[in-house]
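A.B. asks: Structure for the following, please:
(chains A and B)
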Amino acid sequence: MTETPAALNDLHFMKALLDLLIPPSGSGDLPGAGALGLSAAVVTALQGDPLLGPPVEAAVQALRETALSQHPEGLPGMAPQAAARVVEAQLDPMLIMGILLYLYPAYYQHPRVLEGIGEPPRPPFPEGFDVEATDAELLEKLRARRRA
Amino acid sequence: MSNEPVGVLVIGAGASGAAFAWRIADTGTSVLCLDQGPWMKQQDYPSNGLDWEARGMREFSGSPNVRRLPADYPVNEQDSDISPLMFNAVGGSTILWAAHFPRLTPGDFRVKTEDGVGADWPIDYQTLEPYFALNDRMMGVSGLAGDPAYPYHEPPLPPLPLGRVGNTLASGFEKLGWHWWPSDSAVLSQEYEGRAACINVGSCLSGCPQGAKASTDITYWPAAQRKGVQVRTGCRVREITVRADGMADGVLYYDPGGQLQEQKAEIVVLACNGVGTPRLLLNSRSRQHPDGLANSSGLVGKNLMLHPYAVVMGIFEEPLRGRRGPTGCLFWSHEFYRTDRSRGFARGYSFEAIRGVGPAQTALWGMLHGLVPWGEDHHRAFARLYDHAGTLLCITEDLPDETNTVTLDPELTDAHKIPAPKVTYRLGENSRKMLAHAVERAKEALTAAGAVETVAEPLMREAGWHLMGTARMGRDPRTSVVNEWGRAHDVKNLFIVDGSVFVTAGAVNPTSTIQAFALYVADSIKKNINTLFD
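C.D. replies: Numbering: from 1, shown residues only, chains lettered A, B, ... in the order given. Take a look at the predicted model:
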């Protein structure tokens, strides 16, 4: 069994990191990704990815150490803008994308988020959805052009 | 497991294998189909759960290299500009397809004659016309009769609703005076043959739990089984075996327990797609066929065509509700389908207007194109994109090129140690010019429809659904692998019914034509039964 690096096990740190990547919306309709408790899902997915997992884990570990060197509480204790600057300076954009690759699907399947973006908080099936009919005027134009 | 000899052995239970098996079963001969995949269960499809998008990107990905399921074999795609996509199960790639169902046009069968490029097919549209119609009825096709881009035909079901996104995009084509027409779609607009109508789940690309989207596991296969056709799943064919005279006499395959089995047959039919079929032929070397089976022309695995795609998204101020409804089935446009030399390239392309994607895919697509950042601005950028996008796919006709190939990888193998395919595919200059032209015209159409911004991906890498050309048909054994009704020139009891036989690609999705051809081959075998092996 692979030993999990400390940073990924640090729920406090991971919550702060995910809340930086997807913060709560200004209106309060959408929660932050950290507050939704998505760390476990993201970490599990990353650890199952042989290409992205190892470099992201190493980079996140280094990020936590850098943050701790700048603030006694590390990332969770920093003001959002200062924390964002540390993340930008420390994490390669490709590695951030590696985290987002798993964070976005986890975030946008959460019922609270679905409600916040105006979608019903349920699976697409079995209820499905309604779709507007074809514009009758457009259909008339097509019918006038059709081949006999 | 009984391996009693059978009359007809079909390898592959996807789009073409299913159609062929159903049609040939009328002869009363014993028909057996082997497939390396399983039967799918509709309750297992991702859209039964909230995590439908995440699962759609993993175990229901179109790429076997991403899925890595037991039914899959790896494909070396390092030297390809486009990733080959497929699904291995009863139903094959129709499990995950969009079910956009255009036919090749009459002109697509005579490319050399019309434009001096590529080659002509040995058959024409009229030959396949009754089989297109039969196939439409078997699959359950919705559409609007009378598209001036085609000879008149009547889809059995009325067209699907365009919805707000389709109405909006179509208005752009109307303003420009460009051809557009609601897609023929293998999705049910109303109940049909015991199958329920589409309820706009919007997850076609990871399987349809409603059964409204046609996949051959729920269309052809139940009908074929009622005629006595057997389907054996979890069986991976290693090679086609031959008699002393070089004729095929069956296959060696691995059963679900990993044991090597031998199955004898009077006729062997390949329906493994444009990558799997040449792979199997090349893996079937023998004293009689040292370069691979049916390969005296040297063309097995050559002339691979993949349909290069560009995608152009328009962002609109008003919500378009595009997340809902059959993903790939809005309308097509053949405005730029035929050759116009003033454009600087031969042949042409079609547009396929599609609906939107779910929120997770919107966020990821936005991230990859620099439209949706992480951090403070994330929600504003996401809201601008989600449900506000309308998209045009540009499907270009790539011309056959012998340097685009499927070969056997010298090192990579599948779980049974069978050599895996290596795909070598590079975009030609003609295709590059065509894609560039298509992107500009798509932007024009989207802007005319009201888009406030357009974003283009000039070549989609994950778009190699259409696997064609690697065992082309023709009348001359020196320049083709199979004859005009799918029989191998070199092996007269070996037939190919999948997209491998395509001579040229057209600029539309090929499945309708592949299935019509498979039905035609079955009828040709019946017609020629007394002289079949002469």
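A.B. asks: Residue A:105: how many residues sit nearby?
C.D. replies: Residue neighbour count, defined by other CB atoms under 10 Å in any protein chain shown, stands at 27 for residue A:105. Where C-beta positions appear, they are placed from N, C-alpha and C, glycine not excepted.
A.B. asks: how much space between it and residue A:78?
C.D. replies: 27 Å (CB to CB, to the nearest Å).
A.B. asks: Is any residue of stretch B:450-469 near chain A?
C.D. replies: No. If you take CB under 8 Å from any CB of the partner chain as the test, stretch B:450-469 misses chain A, and the best it gets is 13.9 Å.
A.B. asks: Please export the C-alpha coordinates of that stretch as PDB.
C.D. replies: Taking Å, rounded to 0.1, in the frame of the first residue of the first chain, the C-alpha atoms of stretch B:450-469 are listed here in PDB:
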ATOM      1  CA  GLY B 450     -26.400  35.800 -32.200                       C
ATOM      2  CA  ALA B 451     -23.300  34.500 -30.600                       C
ATOM      3  CA  VAL B 452     -21.400  37.300 -28.800                       C
ATOM      4  CA  GLU B 453     -18.100  35.300 -28.800                       C
ATOM      5  CA  THR B 454     -16.900  32.200 -30.600                       C
ATOM      6  CA  VAL B 455     -14.200  29.700 -29.500                       C
ATOM      7  CA  ALA B 456     -12.600  27.200 -31.800                       C
ATOM      8  CA  GLU B 457     -10.800  24.000 -31.400                       C
ATOM      9  CA  PRO B 458      -9.300  23.600 -34.800                       C
ATOM     10  CA  LEU B 459      -8.600  19.900 -34.600                       C
ATOM     11  CA  MET B 460     -10.300  17.600 -32.000                       C
ATOM     12  CA  ARG B 461      -7.900  14.900 -30.900                       C
ATOM     13  CA  GLU B 462     -10.500  12.800 -29.100                       C
ATOM     14  CA  ALA B 463     -12.700  12.400 -32.200                       C
ATOM     15  CA  GLY B 464     -11.600   9.200 -33.900                       C
ATOM     16  CA  TRP B 465     -15.000   7.500 -33.900                       C
ATOM     17  CA  HIS B 466     -15.100   6.800 -37.600                       C
ATOM     18  CA  LEU B 467     -12.700   4.100 -38.400                       C
ATOM     19  CA  MET B 468     -12.600   3.500 -42.200                       C
ATOM     20  CA  GLY B 469     -10.700   2.400 -45.200                       C
END
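A.B. asks: Is residue B:113 part of a helix or strand, or is it coil?
C.D. replies: Classification of residue B:113 by DSSP: H, G, I helix; E, B strand; the rest coil places it in helix.
A.B. asks: Can you give me every residue that contacts it?
C.D. replies: residue B:120 (CB atoms under 8 Å, 6 or more residues apart in numbering or on different chains).
A.B. asks: before we move on, what about residue B:425?
C.D. replies: B:79-82, B:304, B:306, B:404-405, B:464.
A.B. asks: What is the burial count for the residue lying closest to residue A:25 once chain neighbours are set aside?
C.D. replies: Nearest residue to residue A:25, sequence neighbours excluded (CB to CB, 6 or more residues apart in numbering or on different chains): residue B:379, at 4.4 Å. Counted with other CB under 10 Å, residues neighbouring residue B:379 total 19.
A.B. asks: is it true that residue B:379 lies in a strand?
C.D. replies: No. Applying three-state DSSP, one finds residue B:379 to be helix, outside a strand.
A.B. asks: check contacts around it.
C.D. replies: A:22, A:25-26, A:30.
A.B. asks: where along the stretch 51-200 of chain B do the strands fall?
C.D. replies: B:76-80, B:181-182 (DSSP state E, counting those that start in this stretch).
A.B. asks: For chain A, which of these is the nearest?
C.D. replies: Closest approach to chain A among the strands of the stretch 51-200 of chain B is made by strand B:181-182 (6.8 Å; CB to the nearest CB).
A.B. asks: Centre of the chain to the closest one, how far?
C.D. replies: Strand B:181-182 sits 20 Å away from the centroid of its parent chain (CA atoms, centre = their mean, to the nearest Å).
A.B. asks: per-residue confidence averaged over stretch B:71-81?
C.D. replies: Stretch B:71-81 shows an average pLDDT of 98 in the prediction.
A.B. asks: contact partners of it?
C.D. replies: Looking at what lies outside stretch B:71-81 - CB under 8 Å, 6+ apart - the contacts are B:36-38, B:64-65, B:68, B:83-84, B:88-89, B:234, B:236, B:275-276, B:279, B:308, B:409, B:412, B:414-415, B:418, B:420-427, B:459, B:461, B:464.
A.B. asks: List buried residues within the contacts of residue B:425.
C.D. replies: Neighbour-count burial (16 or more other CB atoms under 10 Å in any protein chain shown) applied to the contacts of residue B:425 gives B:80-82, B:304, B:306, B:404-405, B:464.
A.B. asks: which residue sits closest to residue B:400, ignoring its sequence neighbours?
C.D. replies: In space, and not counting its chain neighbours, residue B:400 is closest to residue B:303: 4.0 Å by CB to CB, 6+ apart.
A.B. asks: Helix or strand for the one you found, just tell me which one.
C.D. replies: Under the criterion of DSSP states H and E, residue B:303 resides outside all helices and strands.
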